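>>> no sequence for this one, just the structure:
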C-alpha cells in the first residue's frame, strides 16, 4: 500500500541486545483508515490519513508488519499489505 510508511530506529541496550523503535504514518489520501499489527500486537487502530501511530518498542528488528481494514480479524483475513521490520 503506497502511502503507508513505517518508521524504524534501532538502538542497542545495555545488555548488548538490539531493540527497534517503530511508528506508522498513514499518507495515502484516498485510502480508508486501517489497523496495523506488528507480530500479533495491534500498534494502530483506525489509523486515518495524515495520522501517526504512537511510538512502540520491540525487542527484535525482524518482526512481521501487517495492515488490515479496520476491525478485520487478523487471524482469518489476508492483510492488505505486509512486510518485516525494518
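Right, received. Where do you want to start? Because the structure is predicted, anything quoted here is derived from the model rather than measured.
>>> helices or strands next to whatever helix or strand residue 20 lives in in the packing?
Per DSSP states H and E: residue 20 is located in strand 18-26. Helices and strands touching strand 18-26, by 3 or more CB pairs under 8 Å, 6 or more residues apart in numbering; DSSP states H and E, are strand 4-12, strand 34-38, strand 41-47, strand 56-58. For every residue, glycine as well, the C-beta is placed using N, CA and C.
>>> kindly recompute the last result at 6 Å.
The contact analysis (3 or more CB pairs under 6 Å, 6 or more residues apart in numbering; DSSP states H and E) places strand 18-26 against strand 4-12, strand 56-58.
>>> any stretches of this structure with poor pLDDT?
Across the chain, the ranges flagged by pLDDT under 70 are 1-4, 6-16, 61, 86.
>>> apply 80 and report the result again.
1-18, 60-61, 85-86 (pLDDT under 80).
>>> spit out the contact partners of the nearest residue to residue 77 once chain neighbours are set aside.
Sequence neighbours aside, residue 68 is the residue nearest to residue 77 in space, at 6.0 Å (criterion: CB to CB, 6 or more residues apart in numbering). Contact analysis of residue 68 by CB atoms under 6 Å, 6 or more residues apart in numbering lists 35, 74, 77, 79.
>>> are any of those buried, and which?
35, 79 (16 or more other CB atoms under 10 Å).
>>> any idea which of the contacts of residue 68 is closest to residue 27?
Within these, proximity to residue 27 (CB to CB) peaks at residue 35, which comes in at 16.4 Å.
>>> surely the closest one is in contact with residue 43?
No - Residue 35 lies out of contact with residue 43 (CB atoms under 6 Å); the separation is 8.9 Å.
>>> still on that earlier bit, measure the residue nearest to residue 77 to residue 59 for me?
Distance, residue 68 to residue 59, using CB to CB, to the nearest Å: 23 Å.
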